[in-house]
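*Asks:* below: sequence and its predicted model.
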Amino acid sequence: MAISNSLRSFLKFFLKIAITAFCLWFVSKKINWNDSFIIIRDSDFFWFSIAIFLFVVSKLVSAIRLNIYFSNIDLKLSQISNIRLYWLGMFYNLFLPGGIGGDAYKVIVLKRKYSQSAKSLTAAVLLDRISGVVGLGILAIIYYYIVFKGDNYSLLLLFFIPVGLVVYYFTVKKVFPSFIKGFWPTLLLGVVVQMLQVLCVYAIMKALDITEHQTVYILIFLLSSAVAILPFTIGGLGARELVFLWGSNALLHLKNDPTPISISITFYLITLLVSLIGLYWLYNDPLK
């Protein structure tokens, strides 16, 4: 018997909650959550505000990158409308994880409003995601090399960056020829977005008075961001904390240390706070 769309959405939502809860429970067996929240509670408000500002700027740059893809398919969307829609998509992704995702919502709204095919809109949104992952991968490889100083195949991975970019370029040219003219600007903005989020994490560490192992924590953050992209948890909650737990144990041999988890939780709280702005556009037409 076929499963209805509403039941399928509910099951996906339930599964995400279950996986998120399991990840948080597993982390709670290793560290004391209260110790992490004490570190966050005593954070420096100035640096916390700087972290929020850098995160907001990263999302604005990300929205501009998406609009380049829209312009490649001759969708003339004003930057302000695009940013409003982008923020609404962020809200959908974090606060309505069981229903329609933020990316799918953007496709539906734009298809309804403009004479664009769902296929071309989906391709634009997909490539926007991919360019973000590519930027994330570039920075992760660079930080991996810095942490391991040429060992653990880090030098080989560094040489892989130009090879990977060539493969990426010709894949886009072959599969998505309409978007090739925006390849380099979107690639650059993809790297800029990830750099801004890295700076955001540096500001978080300043706010939490974390002065040791900063480079390693940035590498763990980049790896956790890659895991958080996978749609198995609610906004990456639980998955990031798990990666921070395992990463700090593997790279720094820190056991039962709440410090790495406090970085992850603070970043999630900032994401939550900034995404909440999208609630306004849930009741007001972002494309008006």
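*Replies:* Looks like it arrived, so ask away.

*Asks:* from Ser120, how far out is Thr171?
*Replies:* Going from Thr171 to Ser120 by CB to CB, to the nearest Å gives 17 Å. Where you see a C-beta, it was placed from the backbone N, CA and C, and this is true even at glycine.

*Asks:* for these two, indicate the residue with more neighbours.
*Replies:* Ser120 (21 against 11; other CB atoms under 10 Å).

*Asks:* so that one makes contact with Asp74?
*Replies:* No: contact criterion CB atoms under 8 Å: Ser120 and Asp74 do not qualify, at 9.2 Å.

*Asks:* helix/strand/coil for Asp151?
*Replies:* Per DSSP: H, G, I helix; E, B strand; the rest coil, the secondary structure class of Asp151 is coil.

*Asks:* which strands and helices lie in contact with the helix or strand Lys106 falls within?
*Replies:* Assessed by DSSP states H and E, Lys106 sits inside helix 102-113. When contacts are defined as 3 or more CB pairs under 8 Å, 6 or more residues apart in numbering; DSSP states H and E, helix 102-113 sits against helix 79-95, helix 118-148.

*Asks:* nearest to Pro231, out of those helices?
*Replies:* helix 79-95 (9.1 Å; CB to CB).

*Asks:* what sits against Lys113?
*Replies:* Lys113 is in contact with Leu287, counting by CB atoms under 8 Å, 6 or more residues apart in numbering.

*Asks:* and the pLDDT at it?
*Replies:* If you check Lys113, the pLDDT there is 88.

*Asks:* next, work out how far apart it and Phe70 are.
*Replies:* 12 Å.

*Asks:* same question, Gly247
*Replies:* From Gly247 across to Phe70, the span is 36 Å (CB to CB).

*Asks:* go on, Asn34?
*Replies:* The gap separating Asn34 from Phe70 is 46 Å, by CB to CB.

*Asks:* which one's more surrounded, the two?
*Replies:* Counted by other CB under 10 Å, Asn34 and Phe70 do not tie: Phe70 has more neighbours, with 23 against 9.

*Asks:* the inter-axis angle of the helix or strand harbouring the more buried one versus helix 79-95?
*Replies:* Using DSSP H and E, Phe70 maps to helix 45-72. Counting by axes from the mean of the first three to the mean of the last three CA atoms, to 10 degrees, helix 45-72 lies at 120 degrees to helix 79-95.

*Asks:* helix 45-72 relative to helix 102-113, how many degrees between them?
*Replies:* Here the directions of helix 45-72 and helix 102-113 differ by 40 degrees (the same axes, to 10 degrees).

*Asks:* buried set for helix 45-72?
*Replies:* Of all the residues in helix 45-72, those buried under the rule 16 or more other CB atoms under 10 Å are 47-48, 50-52, 54-72.

*Asks:* count of neighbours near Pro258?
*Replies:* Neighbours around Pro258, by other CB under 10 Å: 19.

*Asks:* Ile39 is in contact with that one, correct?
*Replies:* Yes: in this structure, Pro258 is within contact of Ile39 by CB under 8 Å, at 6.4 Å.

*Asks:* CA atoms only for the helix holding Lys106, dumped as CSV, please.
*Replies:* Output of helix 102-113 as CSV, limited to C-alpha atoms (Å, rounded to 0.1, in the frame of the first residue of the first chain):
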residue,chain,number,x,y,z
GLY,A,102,13.7,25.4,2.6
ASP,A,103,15.2,24.6,-0.8
ALA,A,104,12.1,22.9,-2.0
TYR,A,105,10.0,25.7,-0.8
LYS,A,106,12.0,28.2,-2.8
VAL,A,107,11.5,26.2,-5.9
ILE,A,108,7.8,25.9,-5.4
VAL,A,109,7.3,29.6,-4.7
LEU,A,110,9.4,30.8,-7.6
LYS,A,111,7.8,28.4,-10.0
ARG,A,112,4.4,29.6,-8.9
LYS,A,113,5.4,33.3,-9.2
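
*Asks:* and it, how far from the chain's centre?
*Replies:* Here helix 102-113 is found 20 Å from its chain centre; the criterion is CA atoms, centre = their mean, to the nearest Å.
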